[in-house]
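Enquirer: Fold the following.
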Amino acid sequence: MLFGAIGDIYDNSMITMSVATLSIGLLPNYYSIGYLAPTLLFILRFVQGLCVGGECNGITIYLFEANYSSKSYLSSIVTASSMLGALLAIIIRTIKS
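Expert: Presented below is the predicted three-dimensional model:
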């Protein structure tokens, strides 16, 4: 809800997600900075989650508005692909354990 509204005005949620992802990749481990590492990781993952909320809704609306012939089909691909990603993660986790 937060980044969806901000993304409509400024359209910067993709940049914010990219910066958060890069920061997670460059984040030092627990042995280097102690309890600050998991705290920063939590904050950065929270920012990523907010950005995903803005991006999923934004791309669905864009696909719905940009196409006149197959609005419902293209808009449903966004939801189906995110559910497919979650399903694959569950399958991989089940196989691994």
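Enquirer: Could you pull up the contacting residues of the residue most central in space within the chain?
Expert: Residue closest to the mean C-alpha point of the chain, counted by CA atoms, centre = their mean, is V52 at 3.0 Å. Shown in contact with V52 (CB atoms under 8 Å, 6 or more residues apart in numbering): M17. Quick note: C-beta positions are derived from backbone N, CA and C, even for glycine.
Enquirer: tell me which element it is part of?
Expert: helix 36-66 (DSSP states H and E).
Enquirer: Any regions of the protein where pLDDT drops low?
Expert: Across the chain, the ranges flagged by pLDDT under 70 are 1-13, 54, 68, 71.
Enquirer: If we use 80, what do you get?
Expert: Across the chain, the ranges flagged by pLDDT under 80 are 1-14, 50-79, 82, 97.
Enquirer: sorry, back to before: what helices and strands are in contact with the helix or strand following the helix holding V52?
Expert: Note on helix 36-66: by DSSP H and E, the next helix or strand toward the C-terminus is helix 71-96. Judged by 3 or more CB pairs under 8 Å, 6 or more residues apart in numbering; DSSP states H and E, the packing partners of helix 71-96 are helix 36-66.
Enquirer: which parts of the helix it packs on are buried?
Expert: Buried residues in helix 36-66, counted by 16 or more other CB atoms under 10 Å: 44, 47-48, 50-51, 53-58, 60, 63.
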